[in-house]
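J.: Whatever this is, show me its structure:
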Amino acid sequence: MTWLLRRLGVSLALIWVVASVVFLAIHFVPGDPAELLLSQGGSAPDAAMVAELRTQLGLAQPLHVQYAQQMWRLLHFDLGRSMQDDSPVVDEITRRLPRTLELILAAALMAVTIGIPLGTAAAMRRGTWFDRVTSSIASLALAVPIFVVGTLMVMVFAQWLRWVPAGGFVAFTKDPVQHLVLLAMPAGAIGLGLSAVMFRMTRASVLDVMLKDYVRTARAKGVRRPRILICHVVRTALMPVITVLALYLGTLLGGTVLVEFVFNWPGLSGSLVSAVNARDYPQVVGIVLVISILFVGLNFAVDIIYGLLDPRVRR
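T.: Residues are numbered from 1 along each chain as shown. Below you'll find the model as predicted:
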């Protein structure tokens with residue numbers, strides 16, 4: 001229990017640091033959001049109108065006052081209101097976050113079901129044709145950028161074969177089949193590279209564990225190969241694989257911009273780009289903070305899984 005509380009304290013401290021860094025960074029970005037909002041029609045805004053809008057938005061207050069107000073709102077789970085349309089930031093995040101999470105989780109499911117079994121099989125057949133072929137395919141998948149994979153998928157499956165639409169979004173409650181069809185290509189574009197990462201990590205980890213003394217001892221005792229693999233190899237080999245998977249999933253939370261753009265998927269990453277371009281401080285801070293909390297939460301979950309897989313971690 002002490003170990004979990006210590007990890008929880010570290011996670012909360014990281015969230016506070018991220019919130020502080022994001023607040024300071026967004027205020028040092030060149031450009032006045034009030035002036036930007038008033039000049040959207042193409043004409044130069046009046047100085048009095050800019051000053052009035054800055055007062056309404058709270059930007060005329062000293063920086064430390066704005067920081068204290070921001071932290072106080074965050075403690076009460078208030079992410080503020082958007083400077084663009086005065087809508088609650090939490091509503092925009094609530095609407096878009098599930099779409100991004102669905103995209104990432106579908107890609108992670110693909111990576112786990114493909115990369116880990118193939119990586120284990122390649123390690124068990126090291127040096128064979130199966131190992132060479134799968135390793136070459138994984139290297140190719142890692143070398144191709146994700147936006148190239150997405151563009152090729154659109155060309156092949158949407159334009160040439162006409163199996164699926166080129167992109168778009170339909171709510172699952174409205175049409176479940178069409179929703180899954182539209183989800184397949186963007187999730188596949190992300191999952192292909194992630195599967196290659198899982199394959200290489202699993203293969204390297206399994207090969208390393210198979211050289212351990214306790215595995216050799218189990219072989220010397222005549223333990224069957226499947227039992228050695230399941231009870232002695234996979235459980236230990238999965239620990240670094242889980243770490244890498246969690247780091248990649250956390251990175252993808254804010255890094256699916258290109259995929260969402262190519263397939264016109266209305267997720268959270270696209271909203272973050274729009275908010276940065278508009279200097280919408282509350283929305284940028286809210287989205288980045290939510291992504292950071294999810295990232296820290298993933299790492300906290302990995303620590304718990306580590307403790308379950310290896311009791312030495314808890315001690």
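
J.: can you map out the strands along the stretch 1-150 of the chain?
T.: Remark: no strands are assigned in the stretch 1-150 of the chain by DSSP state E, counting those that start in this stretch.

J.: Low-confidence stretches in this protein?
T.: Within the chain, the segments meeting pLDDT under 70 span 1, 29-46, 53, 57, 231-232, 254, 307, 309-315.

J.: Report the residue ranges of every domain in it.
T.: 10-78, 95-268 (automatic domain parsing).

J.: The helix or strand containing Leu247: what's the following helix or strand?
T.: Under the criterion of DSSP states H and E, Leu247 resides in helix 235-255. Next helix or strand after helix 235-255 toward the C-terminus (DSSP H and E): helix 257-262.

J.: Val181 is in contact with Gly168, isn't it?
T.: No: Val181 is beyond contact range of Gly168, at 9.8 Å (criterion: CB atoms under 8 Å). All C-beta spots, glycine's among them, are computed from the backbone N, C-alpha and C.

J.: For the two, indicate the residue with more neighbours.
T.: Just comparing Val181 and Gly168: by other CB atoms under 10 Å the higher neighbour count belongs to Val181, 15 against 12.

J.: then stretch 255-269 to CSV, C-alphas only?
T.: Extracted C-alpha coordinates of stretch 255-269, given in CSV (Å, rounded to 0.1, in the frame of the first residue of the first chain):
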residue,chain,number,x,y,z
GLY,A,255,-0.1,12.5,-31.9
THR,A,256,-3.0,11.2,-34.0
VAL,A,257,-3.3,14.6,-35.8
LEU,A,258,-2.2,13.3,-39.2
VAL,A,259,-4.4,10.2,-39.1
GLU,A,260,-7.4,12.2,-38.0
PHE,A,261,-6.7,14.7,-40.8
VAL,A,262,-6.2,12.0,-43.5
PHE,A,263,-9.4,10.1,-42.6
ASN,A,264,-11.4,13.1,-41.4
TRP,A,265,-11.8,11.6,-38.0
PRO,A,266,-13.1,14.3,-35.5
GLY,A,267,-10.9,13.5,-32.5
LEU,A,268,-9.2,15.5,-29.8
SER,A,269,-5.9,16.1,-31.6
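
J.: ok, and what's touching the helix holding Leu247?
T.: For helix 235-255, the external contacting residues (CB atoms under 8 Å, 6 or more residues apart in numbering) are 100, 104, 107-108, 111-112, 116, 120, 190, 194, 197-198, 201-202, 205-206, 208-209, 212, 268-269, 272, 288, 291, 294-295, 298-299, 301-302, 305-306, 309-310.
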